[in-house]
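Asks: just the structure for this:
(3 chains)
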Amino acid sequence: MVRTRVVVDTRAPRPRTATSPTPRGRLGRPVAAVLAVAVGLVLTGCGSDDPLTDPRRPGGPLEAEPFVAGDLTGTLAGAGASSQEAAMNAWIAGFQTINEDLTIAYDPVGSGGGRTQFVEGGVDFAGTDAPLDAEELDLAADRCAGEVAELPLYVSPIAVVFNIEGVDSLNMSPSVMARVFDRQITRWDDPAIAAENPDVELPDLRITPVNRSDESGTTENFVEYLHETAGADWPHDPSGNWPVAGGQAAQGNSGVVQTVNDGQGTIAYADASRVGTLGTVAVEVGGEFVGYSPQAAAQVVDASPFAEDRPASSLVVALERDTQAQGAYPIVLISYSLACTTYEDAGTAELVREFLTFVASEEGQERSAVAAGSAPISEGLRERVVEVVDQIS
Amino acid sequence: MSSTDQQPTRPAPPAGLRALVERRTSRDLAGRLFSATATGAGALILVTLAAVAVFLVVRAWPAMTTPAEELADAISWIPEGTTLLGYVGPLVFGTLLAAVLALALAVPVATGIALFISHYAPRRLASPLGYVVDLLAAIPSVIYGLWGGLWLAPRLLPAWQWLADNLGFIPLFREPASTPPRVIMTVGVVLAVMILPIITAVAREVFLQTPRLHEEAALALGATRWEMVRMAVIPFGRSGLISAAMLGLGRALGETMAVFMILSPGFTYSFELLQAGQHQTIAANIANQFAEANPLGVSALIATGLALFVITLAVNTAARWVVARRKDFSGAN
Amino acid sequence: MTTTSTQPRTARRPTTRDLLTRADPRRRWTDRIMHVVITSAFLVALVPLVSVIWTVVSNGVVRMSPYFLSVSMRGVYGGIDAGGIYHAILGTLLITGLATLISVPVGLMTAIYLVEYGRGPLARAVTFFVDVMTGIPSIVAGLFAYSLFALFLGPGVRLGAVGSVALSVLMIPVVVRSSEEMLRLVPNELREASYALGVPKWLTIIKVVLRTSVAGIITGVMLSVARVIGETAPLLIVAGVIDSINTNLFEGRMMTLPVYVFRQYSQGLVPCSPEAVECVATINYDRAWGAALALIVIVMLLNLVARLIARYFAPKTGH
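Replies: Residues are numbered from 1 along each chain as shown, chains lettered A, B, ... in the order given. So this is what the prediction gives:
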């Protein structure tokens, strides 16, 4: 029935003695060797949490930044909008360079996830593309010992990008753009597009619109823009979920841009920090075509009022997307940082306060502008923000 | 091959062994403890499986009991006027479509490989070759996703365009093929590669079990090798092949990352295999939406996960049942 | 098993034997064509295998270096040519390690139950449901672990340990299956010899049965580890994402290699501005390939060592 090797037959019943070469003993060696290497690699501490100034970095270690050394310690957990991720990484990197023993984690789980985790107390701060709704405000009031602070610290233009060989800029009015994304206009050499781009030689190519497959603030802001400016050409309601079924779709800004890059004749909306070498669309505002730029985006924010009926520490901007202001770029995403004005733990409060102060500072905003292509907030807005941040305790 | 429960009976112990016998009570305690632990571990398996079902139901309950309008209000990716069932429907359809597509591509190839290893390759090479195919199973799915998304998809595009241009009159291949080819067809190819090893492994085992006498009888009657395979091996292995295919189906149904990293999702009942944004699978949809979802959204996603669990459970149970039945009734073993 | 076409022919008019043994041309051609088809089916299967391994290795070695293996991603952003996978390797080892610690005792004891004690409906149910359990989709295991922990720790929970539980659900049936097979290979004569010496059953199992089959069991455990170490979906939803080193399974998010691969893939191309001095546009993909290479090396090593153990230490089997 079963044939066994003689060596096993004889060994197994043998009484155990310390020196007997049991199968386990013989086996132990190779297994132990592999384990030793693995465990050794992990535990000898040859790992480093400081990749930037590591001497072995390709291209040499980066200079540790000359900055007044802080002495904050502890950990801070944040989660939320993936739109803020690049900026948040830059802020965290900058702040952790100053405070070496501080660990800040930002989990880019998305705005909804961020808001949920924040109001349920899972994270200390959050990033969100949409302000808290009434129900969440109630929950947040419970979660925070004081008020909830909503700070517009990340202002980013949403670019409309496309991939057509040899074309790197196009003009579009809201109505044409709406019809393109609603797939009413299906070819690039459609007369409607040609009429607005007399100098561009448009190819005879199918238009492939690409949208976000996941719920996102980028989608919501873009759809809101189309909804408010294109009138009857855009029959869909604003939503964080792309309303037109059956097109190319991808997860995240980077997924969308990747898809645009991979195809020909593709067009999409994405965070401006992701544009890279793709062509971009200049949109019509007040009779002129305005390309995206941080300045143009900051302009529309400054031209818009704060939302009313919210807590005093809540600085929510009511964007005027149909603005006719000269040189303003109306497709912007404002991503808010959520924090409490009072934390139960004074240590956490201090960390949050210092971190957000850094984020709001000129230095912080400059960092995110470089890393993420965001628009630095204006002086006026900064003053309002700092006022709120200083209250955190 | 099972062992006996009772220890072999032996004559009354001689005096020298008395001590040994007297220690039996404490040993019995240890023995009972040991057997109880083992039984407990076995029962734990059943408990775990039940717990999976129970926890999924408990978590999915809020979404299942919320009225449709409220659900659509609270969750942005459930369109107005759609019930939870209406939302799950296209997902189930997409999941089944992707898996069936993968199966249609994988089963013929896997059968070929299994036959090659069992009846065509030199005997000596059979087991190393089997190992090579098993290696395919060892590669993590995220790597298939990476490979499928960055390497394979661009290379499949010309093939899909050719299909659309030449067979576009068949609704399955309606032109034009989407670019980039983030379509269900590409997913099907990658999934097919991923389920090849499991189908091959089972099919190989079954083919190797073909009674030698059947094969030799066929040859003796003048059959060529292929005829022998067709008349003796394949009929014998048919039920095994079916269960192998179902195991592969189960695997393909639950695959997440490869689909997630390749497919342009959409929620329709569409058979247009080369069109982007028409299909989505349950697993990939969970991975896509889970992070962004609010509590009710998580609950709805878990409800879709429950549907996936039930489907895979049914498929796997059926597959195992076929295997078990075959074992019971096949005269060959 | 020779084909009959090579039989010597008779010169005179065909005999009955001749007619039976000499395939007519159509049949012979069918045979040849099927031979080619079946052989090419095997070659077709090699295409993805070779191409996956080749693309991973050739793209992965670009970034592979001691630096890459030994630093985390803390503070790395944009297109900076920096960062590594140390935190992800650590997370993978810890999470998989805990999963192994959970799965091996449960799986092994279940296997012992099935082989040595199991009888009646419970044993049949366990056998059947272990098979069914191997088919649980990994994302469902993730959802289960999430639901379980969310019950106690509130929603939004992200812990390394939750990932371990999810992986255990996937791992236990594999351990049971392989251990059971190995225990069944232990010849009954050994058990009976041990009983005859007056050794009680439980001690026989520990000292004789387990000892004899230890090599096979280790092989099975390593293969099951290799299977779950590449799981992405459950870890993506329950263990979260982090850039720094975290060695605590019970607090905070934890990065793992497969999730790292996915994260880097999904971050995509970096839009480098022309004036940026040190910016690598493809850095995310490079890191993804590098991590994929590390992952594949770990998995293949586990497979290889497991097979070597099986070959050199396990009792030979035969039917």
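Asks: can you pull out the helices in the chain?
Replies: Using chain A. A:6-11, A:23-43, A:85-98, A:111-119, A:134-143, A:174-181, A:191-196, A:217-229, A:252-262, A:294-302, A:346-360, A:362-372, A:379-391 (DSSP state H).
Asks: actually, chain C is the one I wanted.
Replies: Using DSSP H, helices in chain C cover C:16-21, C:25-60, C:66-70, C:86-112, C:120-133, C:138-153, C:160-185, C:188-196, C:201-204, C:210-229, C:233-238, C:257-267, C:283-313.
Asks: cool, and chain B?
Replies: Under DSSP H, chain B gives helices at B:18-22, B:24-65, B:68-74, B:84-115, B:123-138, B:141-147, B:153-167, B:184-208, B:212-220, B:225-228, B:234-254, B:257-262, B:282-289, B:295-329.
Asks: determine which stretch of the ones you listed is the most buried.
Replies: helix B:257-262 (a mean of 30; mean count of other Cβ atoms under 10 Å in any protein chain shown). Heads up, the C-betas are built off the backbone N, CA and C, glycines and all.
Asks: what does it contact?
Replies: The contact list for helix B:257-262 (Cβ atoms under 8 Å, 6 or more residues apart in numbering or on different chains) reads A:251, B:98, B:141-142, B:144-146, B:148-149, B:153, B:182, B:186-187, B:190-191, B:194, B:281, B:283-284, B:287-288, C:232-233, C:258, C:262, C:265-266.
Asks: quick one on the thing from earlier: worst average pLDDT in the helices of chain C?
Replies: If you rank the helices of chain C by mean pLDDT, helix C:16-21 sits at the bottom with a mean of 64.
Asks: now do the same contact list for residue 227.
Replies: You didn't pick a chain, so chain A it is. Counted by Cβ under 8 Å, 6+ apart, residue A:227 has contacts A:234, A:236-238.
Asks: wrong one, chain B
Replies: Contacts of residue B:227 by Cβ under 8 Å, 6+ apart are B:218, C:27, C:30-31.
Asks: may I ask which two of the residues you listed are separated the most?
Replies: B:218 and C:30 (14.6 Å; Cβ to Cβ).
Asks: and which of the contacts of residue B:227 is nearest to residue A:57?
Replies: Residue A:57 lies nearest to residue C:31 out of the contacts of residue B:227, by Cβ to Cβ, at 62.2 Å.
Asks: ok, the closest one touching residue B:223?
Replies: No: using Cβ atoms under 8 Å, residue C:31 and residue B:223 do not qualify as a contacting pair, with a distance of 9.2 Å.
Asks: on that earlier part again, the helices of chain C: which one's closest to residue B:273?
Replies: Among the helices of chain C, helix C:25-60 sits nearest to residue B:273 (Cβ to Cβ), with 19.6 Å.
Asks: quick check: nearest residue in space to the most centrally placed residue in chain C, chain neighbours excluded?
Replies: For chain C, residue C:227 is the residue whose C-alpha lies nearest the centre (Cα atoms, centre = their mean; 1.8 Å). Leaving out its chain neighbours, the residue that sits closest to residue C:227 by Cβ to Cβ, 6 or more residues apart in numbering or on different chains is residue C:174, at 5.9 Å.
Asks: from chain B, how far off is the one you found?
Replies: As judged by Cβ to the nearest Cβ, to the nearest Å, residue C:174 and chain B stand 12 Å apart.
Asks: next up, the contacts around that residue.
Replies: C:107, C:134, C:220, C:223-224, C:227-228.
Asks: can I get the contacts of residue B:227 in JSON lines including distance to chain A?
Replies: What follows is the contacts of residue B:227, written out as JSON lines (distance: Cβ to the nearest Cβ, whole Å):
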{"residue": "B:218", "distance to chain A": "29"}
{"residue": "C:27", "distance to chain A": "41"}
{"residue": "C:30", "distance to chain A": "40"}
{"residue": "C:31", "distance to chain A": "37"}
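Asks: now list the buried members of those residues.
Replies: B:218, C:27, C:31 (16 or more other Cβ atoms under 10 Å in any protein chain shown).
Asks: turn the helices of chain C into TSV, columns for distance to residue A:100.
Replies: Output for the helices of chain C, formatted as TSV (distance: least, Cβ to Cβ, whole Å):
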stretch	distance to residue A:100
helix C:16-21	85
helix C:25-60	32
helix C:66-70	19
helix C:86-112	17
helix C:120-133	47
helix C:138-153	30
helix C:160-185	24
helix C:188-196	61
helix C:201-204	55
helix C:210-229	33
helix C:233-238	29
helix C:257-267	24
helix C:283-313	24
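Asks: any idea how far residue B:29 is from residue B:39?
Replies: Remark: distance between residue B:29 and residue B:39 (Cβ to Cβ, to the nearest Å) = 16 Å.
Asks: and the pLDDT at the residue in the stretch 51-200 of chain B that chain A sits nearest to?
Replies: Closest residue of the stretch 51-200 of chain B to chain A, Cβ to the nearest Cβ: residue B:180 (3.5 Å). In this model, residue B:180 is scored at 87, pLDDT.
Asks: nearest residue to it in space, ignoring adjacent ones along the chain?
Replies: Looking at residue B:180 with Cβ to Cβ, 6+ apart, the closest residue is residue A:262, at 3.5 Å.
Asks: that'll do, ta.
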